[in-house]
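Enquirer: Here is my input; please provide its structure:
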Amino acid sequence: MGTHVNTVQGRMAIDDLGRTLVHEHVLIGFPGWFMDARQPPFKRDDAMSRVVDAFQELHAHGVRSVVDPCPMDLGRDVEFCAEVSQKSGINLICATGVYVQDMGIPWTVNQLPVDAIAEGFIKEIEDGVAATGIRCGVIKIATGNGAVTDYERKMITAAARASKATGVPLISHTENCTCGHDQIDIATGEGLPPTSLIVGHSDGTEDLAYQTSLAERGVYVGFDRFGLEMGAVPDAVRIKNLKALVDAGHRDQMMVSHDTVNCWLGAYGAQDPLELNKIMPNWKMTHLFENIFPELKRLGMSDADLDIIVSDNPRRYFEQAHKH
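Expert: Numbers count the residues shown, from 1 in each chain. Next up, the predicted model:
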């Protein structure tokens, strides 16, 4: 792939990424979403209109690229993403890979040997998803709360091998800020450099020592849930710890985003997804630019610091993976 990254509209020069958010979801459907017969049918045109509006608003803040790390088993729809990209002007990068065992669809893929799983990931990177021709530009890995299952270890191993073969980096889900070091151990144990991994959702704790320990191992540290405060740490903690990590010399390893879900297939468990926006009005893709960055600047971070985090770091993440 050289100096290019796969987007849903084709290969793009890494230098053209521009301002980039590394963890936002166009559309999510948790496994079995269609089994709740009470839910209204999915109205694709209405959903498309809402999502395009949200991405156009993001574009107005100077963002040009977004990574949507939706794995195979969470309702991934790369053709929907491609249409959003075409209509909004945002470059979208989609993912191959799978989700946490207890929230994903583990049975079928778990019957395969590791190298066969890696081959499947590589196929989606090199040939595209199914018959769409849309190629994936990142590989999603995920672990559950407190311990890595044998299944999750197998999937991360396969993902690391696929990353080595293609130069496409890994991006992770962690649950409650656990198992980040396990993810690093498994990936680097396959010969992958730590710079090929974003340890996601690392901002969901007050434990600055944990976040620092990740950065010290050379990975990118995902502060990617700004605005997602229900049952989680408040943004004030995220802001304080992000500033502390930058002050400690880890600015060039920080990644920021919101982990928004712009469109839901079905409900979010017992929760009406539309109610989530009322409960968490700042859980939107523009929150960083409207609220978080101004506060970080008030605390002493410069425009240059913030531009490095949102522009230079994503570019180097892809560059470093491709060079390896």
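Enquirer: for the nearest residue to residue 112 once chain neighbours are set aside, helix, strand, or coil?
Expert: Nearest non-adjacent residue to residue 112, counting by C-beta to C-beta, 6 or more residues apart in numbering: residue 120, 7.6 Å away. Every C-beta, even on glycine, is put in place using the N, C-alpha and C of the backbone. Applying DSSP: H, G, I helix; E, B strand; the rest coil to residue 120 yields a three-state assignment of helix.
Enquirer: who's in contact with residue 120?
Expert: Residue 120 makes contact with 96, 109, 112, according to C-beta atoms under 8 Å, 6 or more residues apart in numbering.
Enquirer: Of those - the most surrounded one?
Expert: residue 96 (26 neighbours; other C-beta atoms under 10 Å).
Enquirer: Is that one bridged to anything, and to what?
Expert: Listed by DSSP bridges, the beta-bridge partners for residue 96 are residue 139.
Enquirer: Nearest residue to residue 267 in space, please, no chain neighbours.
Expert: residue 39 (5.8 Å).
Enquirer: give me every residue that touches that neighbour.
Expert: By C-beta under 8 Å, 6+ apart, residue 39 lies in contact with 33, 266, 267.
Enquirer: Would you mind pulling the contact partners of stretch 7-20?
Expert: Here stretch 7-20 makes contact (C-beta under 8 Å, 6+ apart) with 1, 3-5, 61-67, 78, 81-82, 85-86, 91-94, 134-135, 137, 307, 310-311, 314-315, 318-319, 322.
Enquirer: sorry, back to before: what separates the residue nearest to residue 112 from residue 288, distance-wise?
Expert: 34 Å (C-beta to C-beta, to the nearest Å).
Enquirer: Could you give the secondary structure assignment for the residue nearest to residue 279 when sequence neighbours are not counted?
Expert: The shortest distance from residue 279 to any non-neighbouring residue, by C-beta to C-beta, 6+ apart, is to residue 230 (5.7 Å). Using three-state DSSP, the structure places residue 230 in coil.
Enquirer: ok, residue 230 touching residue 277?
Expert: No. Checked against C-beta atoms under 8 Å, the pair residue 230 and residue 277 is beyond contact range at 11.0 Å.
Enquirer: which of these two has more neighbours?
Expert: Using other C-beta under 10 Å, the more surrounded residue of residue 230 and residue 277 is residue 277, with 13 against 10.
Enquirer: contacting residues for the more buried one?
Expert: Contacts of residue 277 by C-beta under 8 Å, 6+ apart are 283, 284.
Enquirer: Can you verify residue 12 is assigned to a helix?
Expert: No. Applying three-state DSSP, one finds residue 12 to be strand, outside a helix.
Enquirer: Tell me what it is bridged to.
Expert: Applying DSSP bridges, one finds that residue 12 bridges with residue 5.
Enquirer: ok, it - how many residues close by?
Expert: 17.
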